[in-house]
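S.K.: fold the following.
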Amino acid sequence: MISGIIMASGFSRRMGRDKLMLEFAGKPVAEHVIEAAKASGLDEVIVVCKDAAVVKIAESFGAAVIINASAQLGQSESIRLGAKSASPKADGLMFIAADMPLLESRIIDMLICEFSKSPDSIVVPLYGGTRGNPVIFPADLREELLSLKGDEGGRVIIERFGERVIFVETGSSLGGIDIDTKEDFERLKDMRKKADSKQ
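M.R.: Residues are numbered from 1 along each chain as shown. Below you'll find the predicted structure:
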């Protein structure tokens with residue numbers, strides 16, 4: 001069993017407004033990510049968030065919602081809440097950034113497939129050779145995830161258990177791109193248009 005945890009409680013400080021509710025290809029950014037997760041082979045999808053607008057989207061897709069009332073404590077709080085809320089039966093915990101509107105369910109499924117072959121491994125996607133998200137952590141590292149503090153993220157655990165990491169090339173150049181600034185968002189929209197025009 002694989003639990004998907006969508007981390008959607010950041011403050012979008014560099015964006016200057018809530019990036020998860022920006023409209024991308026006709027839908028809010030967060031909706032693209034939640035939709036991809038629900039369309040994948042994940043056994044459960046949990047959205048860790050702080051805003052009512054994201055709660056509404058998550059519930060419309062039948063995803064579980066965990067309210068992060070202490071988002072100011074940093075990224076680790078979302079990770080801890082997600083790890084704590086995931087089913088105790090989960091063999092793996094997949095952490096998904098909510099600001100990747102071009103993430104596809106096929107990428108999620110590719111990572112799940114790799115994890116099913118090596119259930120003791122940390123599975124990390126590559127996008128044209130560049131490391132990205134989402135990442136699957138095996139259940140035996142749940143306590144490590146729960147012990148993260150402040151703005152520590154999964155990267156700390158990936159580095160600590162480097163010998164257990166498996167990299168999977170996704171074959172996608174756009175799926176792993178996240179948005180932190182207005183420039184990122186405009187660039188991603190342009191890249192999407194160019195990709196669409198080539199099809």
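
S.K.: separation between the residue nearest to the spatial centre of the chain and Val55?
M.R.: Centroid-nearest residue in the chain: Ile96, 1.0 Å away (criterion: C-alpha atoms, centre = their mean). Distance from Ile96 to Val55, counting by C-beta to C-beta, to the nearest Å: 17 Å. For every residue, glycine as well, the C-beta is placed using N, CA and C.

S.K.: please state the offset of stretch 148-155 from the chain centre?
M.R.: Using C-alpha atoms, centre = their mean, to the nearest Å, the mean C-alpha position of stretch 148-155 is found 14 Å from that of the whole chain.

S.K.: what's in contact with that stretch?
M.R.: Residues from elsewhere that reach stretch 148-155, judged by C-beta atoms under 8 Å, 6 or more residues apart in numbering: 73-76, 79-80, 95, 135, 137, 145, 156-157.

S.K.: go with 6 Å
M.R.: Contacts made with stretch 148-155 from outside it, assessed by C-beta atoms under 6 Å, 6 or more residues apart in numbering, are listed as 74-76, 79, 95, 135.

S.K.: low-confidence stretches in this structure?
M.R.: Applying pLDDT under 70 to the predicted model, the residue ranges of the chain that meet it are 10-17, 192-199.

S.K.: show me the strands in it, by range?
M.R.: In the chain, strands defined by DSSP state E lie at 2-8, 23-24, 27-28, 44-49, 64-67, 92-97, 122-127, 130-131, 135-138, 165-169, listed in chain order.

S.K.: tell me the buried residues in the fourth one?
M.R.: Counting neighbours by 16 or more other C-beta atoms under 10 Å, one finds that the buried residues in strand 44-49 are 44-49.

S.K.: that strand: partners in the sheet, and parallel or antiparallel?
M.R.: In its sheet, strand 44-49 lies beside strand 2-8 (parallel), strand 64-67 (parallel), with partners assigned from DSSP bridges.

S.K.: that one vs strand 92-97, what angle?
M.R.: For strand 44-49 against strand 92-97, the angle by axes from the mean of the first three to the mean of the last three C-alpha atoms, to 10 degrees is 40 degrees.

S.K.: return the alpha-carbon coordinates of strand 44-49 using PDB.
M.R.: In PDB, the C-alpha atoms belonging to strand 44-49 read as follows (Å, rounded to 0.1, in the frame of the first residue of the first chain):
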ATOM      1  CA  GLU A  44      -4.800   6.900  -0.400                       C
ATOM      2  CA  VAL A  45      -4.300  10.600  -1.100                       C
ATOM      3  CA  ILE A  46      -3.900  13.000   1.900                       C
ATOM      4  CA  VAL A  47      -3.700  16.800   1.400                       C
ATOM      5  CA  VAL A  48      -2.000  18.700   4.100                       C
ATOM      6  CA  CYS A  49      -3.100  22.300   3.800                       C
END
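
S.K.: which outside residues touch that strand?
M.R.: Taking contacts as C-beta under 6 Å, 6+ apart, the residues outside strand 44-49 that touch it are 3-9, 37-38, 58, 63-66, 68, 78, 81-82, 85, 87.
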